[in-house]
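>>> I would like the atomic coordinates for the input below:
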Amino acid sequence: MTAAVETAPAGRDLQVIGLIGVAHASSHFFQLVVPPLFPMLRVAFDVNFTQLGAVMTVFFIASGLAQAPCGFLVDRLGARRLLLAGMTLLALSSILFGLVPVFWMMFPVAILAGLGNSVYHPADYAILTANVSPSRLGRAYSIHNLGGNLGWAAAPVFVLTVAALTNWRIALITAGGLGLLIVVWFLSARQGLKDPPTKPASEKTTGNALAPIISRPVMLCFLYVTMLSIAIVATNSFLPVSLRDLHGIPLTTGAATLTAFLVGGAAGMLAGGFLADWSRRHDAVVTFGLLATATLFVLMSMVPFFGAMLIIIATLAGFLLGITMPSRDMLVRRSAPEGAIGRVFGFVYTGLDVGAALAPIVVGYLLDQGKPAGVLWFAAIALAVGVLSVVLLPRPQRPTPQPAE
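Residues are numbered from 1 along each chain as shown. Model (predicted):
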């Protein structure tokens, strides 16, 4: 288990949490600066949406493949410099997207952007774990997750507004310039941040270096994160069309239902941060939240809820799923040995990319086969498998009481 940092003043913790929260928001922001501009790019380069979608596929493949190796680099070189490099690379990639003269050049830029994006999870969690007081770590993880969601929300509004006032090239270049400003701010504010303990000198072979990430607890955490990603992607991407085909609910109502689910999730993340700091039974929090969410998914597949009741059910499902997120991060932290925090978080959160790649294929098949209820059942089953992986995690051993002298 990773050693805990000493309790720090609240102001110091808030500074670190805010710094990393903004950094994580920038990661998610740059994930969504290009897709909202697809209609303009389609005309500018005379390509179709499949070709444009392939650009983002390359981005996420590069990010997923590089994330685990970045975890090793975090443990060897330190998290701060890797995070700074990733932030810079993402910002410069946005500028390059705005400058490419021909379409095919977007693909190598997408690879560069994916490499920049791959740094965030291992570096962010390593910095938070090494700098934030243990009593506030759950809330730190919740703000980290919430920052990512806010970055997603801000990107379409920003690039579409700038593009409407100017053009798509200026929008991407301006977004990159904003990212460079964040880099400068991070560079000036990062003084005092410390890196977690680096890789122990005794790890001289590849086998020893891999040992922390092929341990049973870490592999179970990887399975859990993969299943969680499958459920989230299936719901976020296909809930409106599933409800339409299943119960005849209009797409506009389905979109409002998805918004309610996401808003409930954001509220749940904030509440889950306090719960993760208050409770030591993070496995129980996750088990309850995932099973309750899975139950609501099954209920939505069987009962044709409409209007306000549908919104309430979706909001509750999002909230229950959201409260598990900080406890999820605490479980991963608990499974990381000393000096391996970067490797463990880097490997485990590769499961997000694996789940994101698998879910659309299965869900698309279910919809093509005329089985929209299967989408919600698929998400529910993925959450149930996630619960099983958490239940199988070894419980932390309590210190053996010493006999009185």
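>>> Let me see the residues that make contact with stretch 42-56.
Contact partners of stretch 42-56, identified using Cβ atoms under 8 Å, 6 or more residues apart in numbering, comprise Val34, Pro35, Phe38, Leu41, Val102, Phe103, Met106, Phe107, Ala110, Trp168. In short, each C-beta sits where N, CA and C put it, glycine included.
>>> Could I get the full set of helices for the stretch 1-150 of the chain?
Taking DSSP state H, counting those that start in this stretch as the criterion, the stretch 1-150 of the chain carries its helices at 10-31, 38-45, 49-77, 79-99, 106-117, 120-131, 137-165.
>>> Mind giving me the packing neighbours of the first one?
Contacting helix 10-31 under the criterion 3 or more Cβ pairs under 8 Å, 6 or more residues apart in numbering; DSSP states H and E are the following elements: helix 79-99, helix 106-117, helix 120-131, helix 137-165, helix 168-189.
>>> same question, the fourth one
Taking 3+ Cβ pairs under 8 Å, 6+ apart as contact, the helices and strands that helix 79-99 lies on are helix 10-31, helix 49-77, helix 106-117, helix 120-131, helix 168-189.
>>> need these in TSV with mean neighbour count, distance to Gly138 and mean pLDDT, can you?
Conversion of those to TSV gives the following (neighbours: other Cβ atoms under 10 Å; distance: least, Cβ to Cβ, whole Å; pLDDT from 0 to 100):
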stretch	mean neighbour count	distance to Gly138	mean pLDDT
helix 10-31	21	11	89
helix 49-77	20	21	88
helix 106-117	22	25	95
helix 120-131	28	11	90
helix 168-189	18	23	94
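>>> Save the ones you listed as TSV, and put in distance to Met309 too.
Output for the helices and strands packed on helix 79-99, formatted as TSV (distance: least, Cβ to Cβ, whole Å):
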stretch	distance to Met309
helix 10-31	31
helix 49-77	35
helix 106-117	39
helix 120-131	37
helix 168-189	40
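>>> To Phe288, which of those lies closest?
Distance to Phe288, taken as Cβ to Cβ, is lowest for helix 120-131 among the helices and strands packed on helix 79-99, at 23.5 Å.
>>> what angle sits between that closest one and helix 49-77?
30 degrees (axes from the mean of the first three to the mean of the last three Cα atoms, to 10 degrees).
>>> Show me the contact partners of helix 120-131.
Residues from elsewhere that reach helix 120-131, judged by Cβ under 8 Å, 6+ apart: 2, 5, 8, 13, 16-17, 20, 23-24, 27, 67, 70-71, 74-75, 79-80, 82-83, 86, 137, 140-141, 144, 193-197, 329, 332-333, 341-343, 345-346, 349, 352.
>>> ditto for stretch 146-165
With Cβ under 8 Å, 6+ apart as the test, stretch 146-165 has contacts from 20-33, 35-37, 40, 168, 170-172, 174-175, 178, 262, 265-266, 269-270.
>>> how far is it from where the chain is centred?
Offset of stretch 146-165 from its chain centre (Cα atoms, centre = their mean, to the nearest Å): 17 Å.
>>> hey, C-alpha coordinates of that stretch in CSV?
C-alpha atoms of stretch 146-165 as CSV (Å, rounded to 0.1, in the frame of the first residue of the first chain):
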residue,chain,number,x,y,z
LEU,A,146,-15.6,16.4,-11.7
GLY,A,147,-13.0,18.5,-13.4
GLY,A,148,-12.9,16.1,-16.3
ASN,A,149,-16.7,16.3,-16.7
LEU,A,150,-16.5,20.1,-16.7
GLY,A,151,-13.8,20.0,-19.4
TRP,A,152,-16.1,17.9,-21.6
ALA,A,153,-18.9,20.3,-21.1
ALA,A,154,-16.8,23.4,-21.8
ALA,A,155,-15.2,22.2,-25.1
PRO,A,156,-18.2,22.2,-27.5
VAL,A,157,-19.4,25.6,-26.2
PHE,A,158,-16.0,27.2,-26.5
VAL,A,159,-15.0,25.9,-30.0
LEU,A,160,-18.4,26.4,-31.6
THR,A,161,-18.7,29.9,-30.2
VAL,A,162,-15.2,30.9,-31.5
ALA,A,163,-15.9,29.1,-34.9
ALA,A,164,-19.2,31.0,-35.3
LEU,A,165,-17.4,34.3,-34.7
